[in-house]
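Student: Predicted model, plus sequence, below.
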Amino acid sequence: MKTPKAVFLDVGWTLTYPSKSMWQIFAAVCREAGSDRTAGDIEKGVHEFLTSRRSETVREFEAGAEYPDSDADFLSIFLGMGRLVFGFAGLESENHEALAGRFLELFWDRTNWAVFPDVLPAIERLRSRGIRVGVISNASSELVEFLKKIDLFPSFDFVCVSAIEGIRKPDRRIYQRALERAAVAPSEAVHVGDMFLEDVLGPRKTGIRPFLMDRGPRSMFPHHPEAVDPVRQPAIEIVHALDEVLEAIGVH
């Protein structure tokens with residue numbers, strides 16, 4: 001493959017990470033409510049639930065499922081995860097919504113998020129070569145302000161946020177919108193993200209070369225990495241930093 005004309009990037013766990021993980025915060029909220037479930041317990045429980053549905057989810061995607069999104073839809077995903085976690089922790093169901101609110105308050109606190117140190121240098125190298133750099137992220141409409149607050153927004157040529165676009169990954173339409181904004185063909189773009197379905201199967205079906213980001217202990221599931229998912233076929237290009245992506249696409 002020639003050096004691409006555009007690079008699309010996921011945000012969470014690819015460009016940014018929470019200092020206190022999702023699982024640590026869920027565990028803290030559970031402790032406040034009287035449960036002794038640990039972060040490891042919760043990560044394992046959620047991962048096992050998602051893994052149990054993985055084959056079905058992939059079949060739905062391959063059958064042509066569409067994935068609408070909005071701020072309400074995005075919020076409902078976290079509320080649903082909260083119900084799963086708090087039920088797993090043995091907490092009373094009538095308290096789940098309030099506990100989920102507490103989780104969201106702590107997890108999405110701006111001070112809990114940081115940018116990986118390789119991000120800005122890599123983006124600068126890409127843009128110095130005339131390569132367009134954009135975001136494709138499943139997120140609420142608040143992501144734009146978040147990117148501004150962490151000083152990343154000026155680094156991008158465009159941003160595709162699922163709740164704003166009304167479509168979430170892995171729906172091919174959100175990748176097509178990114179291609180239109182970058183003014184490139186699918187074969188001229190690559191996408192980097194940390195989730196198998198959203199960031200590998202989605203772009204691959206659109207004709208975009210995907211890279212699966214594995215940030216190790218700073219991944220969403222640090223003890224259950226997407227990179228070893230038994231469902232994945234065919235082989236995936238796995239990277240651990242943006243420098244590895246640049247090397248793979250010939251940007252030195």
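Tutor: Done, it's in.

Student: neighbouring contacts of whatever helix or strand residue 176 lives in?
Tutor: Taking DSSP states H and E as the criterion, the element that holds residue 176 is helix 172-182. Applying C-beta atoms under 8 Å, 6 or more residues apart in numbering, the external contacts of helix 172-182 come out as 5-6, 8, 66, 132, 134, 136, 157-158, 160, 162, 165, 167-169, 185-186, 189, 191, 202-203, 205-206, 208. (Each C-beta comes from the backbone N, C-alpha and C, glycine too.)

Student: ok, and for it, which residues are buried?
Tutor: 172, 174-179, 181-182 (16 or more other C-beta atoms under 10 Å).

Student: Just the pLDDT at the residue lying farthest from the centre of the chain, thanks.
Tutor: Residue farthest from the centre of the chain, counting by C-alpha atoms, centre = their mean, is residue 34 at 30.5 Å. With respect to pLDDT, residue 34 has a value of 94.

Student: Now do it against residue 249, distance only.
Tutor: Per C-beta to C-beta, to the nearest Å, residue 34 is found 51 Å from residue 249.

Student: mind checking the SS state of residue 163?
Tutor: Following DSSP: H, G, I helix; E, B strand; the rest coil, the label given to residue 163 is helix.

Student: wait, isn't it in contact with residue 67?
Tutor: No - between residue 163 and residue 67 there is no contact under C-beta atoms under 8 Å: 11.9 Å.

Student: Pass me the low-pLDDT residue ranges in this structure, would you?
Tutor: Scanning the chain for pLDDT under 70 picks out 1, 228-234.

Student: swap the cut-off to 50 and go again
Tutor: 230 (pLDDT under 50).

Student: in it, which spans are helices?
Tutor: Ranges of helices in the chain, per DSSP state H, are 22-32, 39-52, 54-62, 71-88, 96-107, 119-128, 143-149, 162-165, 172-182, 196, 202-206, 242-248.

Student: Pull out the buried residues from stretch 94-110.
Tutor: Those would be 96, 99-100, 102-104, 106-107, for stretch 94-110 by 16+ other C-beta under 10 Å.

Student: Can you tell me which of those residues comes closest to residue 128?
Tutor: Nearest to residue 128 among the buried residues of stretch 94-110 is residue 107, at 34.7 Å by C-beta to C-beta.

Student: how far away is the closest one from residue 96?
Tutor: 16 Å.

Student: Make a ChimeraX selection of the buried ones in the contacts of helix 172-182.
Tutor: Buried residues among the contacts of helix 172-182 (16+ other C-beta under 10 Å), as a ChimeraX selection:
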select :5,6,8,132,134,136,158,160,162,165,167,168,169,186,189,191,202,203,205,206,208
